[in-house]
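K.L.:
Structure here, sequence nowhere to be found:
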């Protein structure tokens, strides 16, 4: 890949939701670029379009119009199977609600992306254990989600996002359900991963949290209204 080609490139992206009698615009002609190795935050009030933008970047939603290039390759022309393969191999997702499987242990939750990647059980176990060590929860590997605190569950979710060595981790309000102490620990983990070279795109409504990133991009009413390089 040429150094001049951004990892993520959205060009004039629109998203309109059909709500029956009315169309609800979520994104209004967004242009956005992100390079490999960046830590970028998307900040804005509820309804600003930041989560919609994240979901489009992650291939979880498709825009109504515009273009999306991933490392120079047009994403929107891909079939669903190809898009699923890209999501599994290139992206890791962290959500506010953790989205852990309640009847699986922490280690089994972390192993899930590796099953789709075709790794053997021995390979999955070894890699999941190493990744749990990164988030400081190797001692909780056999615990079910219901036996863990909210902060611990989110750290498991980060390990699950990280286990496939993704090109980009996308975090949607990763501290939204946590108290300040647990939230700061999650942000410290994300910052540490970024220092190791992991690319991160994070959605938040808090400017204070957004300022933990290298670059803050602000959305309002489906448009980017400003951005600032923070470090």
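P.N.:
Thanks, I have it. This structure is a prediction, so every number in the text was calculated from the model and none was measured.

K.L.:
give me phi/psi at the most centrally placed residue in the chain?
P.N.:
With distances taken as C-alpha atoms, centre = their mean, the chain has residue 170 as the residue nearest its mean C-alpha position (1.1 Å). Main-chain dihedrals, residue 170, degrees, to the nearest 10: phi -110, psi 120.

K.L.:
any idea how far it lies from residue 149?
P.N.:
23 Å (C-beta to C-beta, to the nearest Å). No exception for glycine: its C-beta is placed from N, CA and C like everyone else's.

K.L.:
that older thread, contacting residues around the residue nearest to the centre of the chain?
P.N.:
54, 57, 58, 91, 92, 93, 94, 200, 201, 202, 203 (C-beta atoms under 8 Å, 6 or more residues apart in numbering).

K.L.:
Helix, strand, or coil at residue 124?
P.N.:
helix (DSSP: H, G, I helix; E, B strand; the rest coil).

K.L.:
in this protein, which helix or strand is least confident?
P.N.:
Using mean pLDDT, DSSP states H and E, helix 80-90 stands out as the lowest-scoring helix or strand of the chain, at a mean of 84.

K.L.:
distance of residue 177 from residue 120?
P.N.:
34 Å.

K.L.:
More neighbours: these two, which one.
P.N.:
Counted by other C-beta atoms under 10 Å, residue 177 and residue 120 do not tie: residue 177 has more neighbours, with 16 against 9.

K.L.:
residues touching the more buried one, list them.
P.N.:
Here residue 177 is in contact with 96, 97, 98, 150, 154 (C-beta under 8 Å, 6+ apart).

K.L.:
Could you check how many residues crowd around the second one?
P.N.:
Yep, that's residue 97 we're talking about. Neighbourhood size, residue 97 [other C-beta under 10 Å]: 12.

K.L.:
Quick check: residue 90 touching residue 169?
P.N.:
No: applying C-beta atoms under 8 Å, one finds residue 90 not in contact with residue 169, separated by 10.5 Å.
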